[in-house]
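Trainee: how does the following fold in three dimensions:
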Amino acid sequence: MKSPPRIDSHQHFWQVARGDYGWLTPELGPIHRDFGPEDLAPLLAEHDIASTILVQAAPTEAETRFLLETATATPFVAGVVGWADFEAPDAPARIAALAADPLLVGLRPMVQDIPDPDWLARPDLAPAFAALKHHNLVFDALVKPPQIPALLKLLDRETELSVVIDHGAKPDLTGNDLRAWRDGIAALAARPNTVCKLSGLVTEAGPDWTDATLQPVIAHLLACFGPERLLWGSDWPVLTLRATYPQWFGTAERLTAALSAEDRAALFGGNAARIYLANRGRSPAAGTPC
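Mentor: Numbering: from 1, shown residues only. Predicted coordinates:
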C-alpha cells in the first residue's frame with residue numbers, strides 16, 4: 001500500500017518589515033530576516049515532503065491574513081494555523097471571518113507569552129472555543145510546563161475540541177529535572193482529544209545537543225501518545241538557531257526507526273492530514289482546497 005504524503009506539520013514564514021513580530025529581535029541573528037516559500041521549497045524537495053502546515057508567528061489577525069494570502073499562492077502549503085483575539089467580545093465573529101478562507105485549519109494564541117499561567121482556564125474564553133468547534137478548526141496549544149495545569153482544566157471542559165500540543169509542551173532540555181513535564185505530558189495524553197507535535201525540541205536544548213539529548217523525551221512522547229497521535233514538524237526557520245533542516249529530520253528518523261513502516265508514515269504525514277486536513281485545507285495529494 002502506498003504511504004501517505006509526508007507533511008511538515010509546523011513551519012513559519014515572515015517578513016520582518018511587517019512589524020508585528022514582537023519576539024523577533026535583531027539579537028536572534030540568523031533568523032532576523034525574511035523567510036518565504038522560496039527558502040523552504042528546496043528543503044521539502046530534498047526530504048520528499050509534499051506539504052506543510054504554516055503556523056502564525058505574530059499575535060495579529062493581519063499576520064493571519066498575510067499567511068492565508070501566502071498559502072493561496074503556495075501549492076505546498078496545505079493549511080494555515082492562524083491567530084485570533086480569543087478575549088475580544090466579538091471573538092466568534094472574528095473567527096468566523098477568518099474561517100471563511102478554507103485554508104485556515106486552526107488557531108493558536110501565543111499562550112507561552114501570556115503572563116497569566118491560568119489564562120487557558122478562563123471561562124470567558126468559552127465562546128472562542130465554541131467557534132473553533134463550529135468551524136472545524138484545530139486548537140494549537142503553544143504551552144510550556146507551567147501552563148499545562150490550565151490546559152488540563154480547559155480539556156476537562158472542552159472534551160470535543162481537537163487539540164494539538166505544540167513542540168511537546170517545550171521541555172527544558174538544559175535542566176536536569178523533567179518530572180513535572182513528564183507528568184504533564186502523561187496527563188495530557190490521557191485526554192483522547194489531544195495529539196502532540198514532535199517539533200521544536202532542539203531549540204529547547206543546548207547548542208551541543210545530540211540524538212542522545214532528545215532520545216528520552218521522544219521516547220516519553222511515544223510512550224504516552226503513541227505514533228498514531230504524534231505529528232512530525234520542523235519548526236523551521238526557528239529550528240535553524242540550533243540545527244539544519246536535514247539534521248533535525250535525520251534525528252527524528254533515527255529516534256523513531258524502531259516503529260513499523262505504517263507508524264512512521266502516520267507520524268511523518270498521515271496524522272497531520274487526518275487532524276488538520278480532513279475537513280479544511282488542501283489535500284496533500286491533489287494540491288487543491290478541500
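Trainee: helix or strand: which one has Thr174?
Mentor: Using DSSP states H and E, Thr174 is not contained in any helix or strand.
Trainee: so what's it closest to, chain neighbours aside?
Mentor: Excluding its sequence neighbours, the residue lying closest to Thr174 (C-beta to C-beta, 6 or more residues apart in numbering) is Gly206, at 5.2 Å. To be clear about C-beta, it is placed using only N, CA and C from the backbone, and glycine gets the same treatment.
Trainee: that neighbour belongs to a strand?
Mentor: No: with DSSP: H, G, I helix; E, B strand; the rest coil as the criterion, Gly206 is assigned coil and is not in a strand.
Trainee: check contacts around it.
Mentor: Leu173, Thr174, Thr213 (C-beta atoms under 8 Å, 6 or more residues apart in numbering).
Trainee: lowest-confidence one in those residues?
Mentor: Least confident of those in the model: Thr174, at 90.
Trainee: Ala205 is in contact with that one, correct?
Mentor: Yes: Thr174 lies in contact with Ala205 (C-beta atoms under 8 Å); the separation is 6.7 Å.
Trainee: out of those two, which sits in the more crowded spot?
Mentor: The neighbour comparison of Thr174 against Ala205 (other C-beta atoms under 10 Å) goes to Ala205, with 18 against 11.
Trainee: so what's that one up against?
Mentor: The neighbours of Ala205, taking C-beta under 8 Å, 6+ apart as the test, are Leu173, Thr174, Thr213, Leu214, Arg242.
Trainee: now do Asp140
Mentor: Contact analysis of Asp140 by C-beta under 8 Å, 6+ apart lists Val55, Val81, Gly106, Leu107, Arg108, Val164, Asp166.
Trainee: and the strands in the stretch 1-150 of the chain?
Mentor: Taking DSSP state E, counting those that start in this stretch as the test, the strands found in the stretch 1-150 of the chain are 6-11, 49-55, 77-82, 104-107, 138-141.
Trainee: the second one vs strand 77-82, what angle?
Mentor: Read that as strand 49-55. What separates the directions of strand 49-55 and strand 77-82 is an angle of 10 degrees, with axes from the mean of the first three to the mean of the last three C-alpha atoms, to 10 degrees.
Trainee: strands paired with strand 49-55, and their directions?
Mentor: For strand 49-55, the paired strands and their directions (DSSP bridges) read strand 6-11 (parallel), strand 77-82 (parallel).
Trainee: want to throw those strands into a markdown table with mean neighbour count, distance to Ala265 and mean pLDDT?
Mentor: Putting the strands paired with strand 49-55 into a markdown table (neighbours: other C-beta atoms under 10 Å; distance: least, C-beta to C-beta, whole Å; pLDDT from 0 to 100) gives the following:
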| stretch | mean neighbour count | distance to Ala265 | mean pLDDT |
| --- | --- | --- | --- |
| strand 6-11 | 28 | 8 | 98 |
| strand 77-82 | 28 | 16 | 98 |
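Trainee: let's have the ones you listed in CSV, adding distance to Arg33.
Mentor: Formatted as CSV, these follow (distance: least, C-beta to C-beta, whole Å):
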stretch, distance to Arg33
strand 6-11, 16
strand 77-82, 20
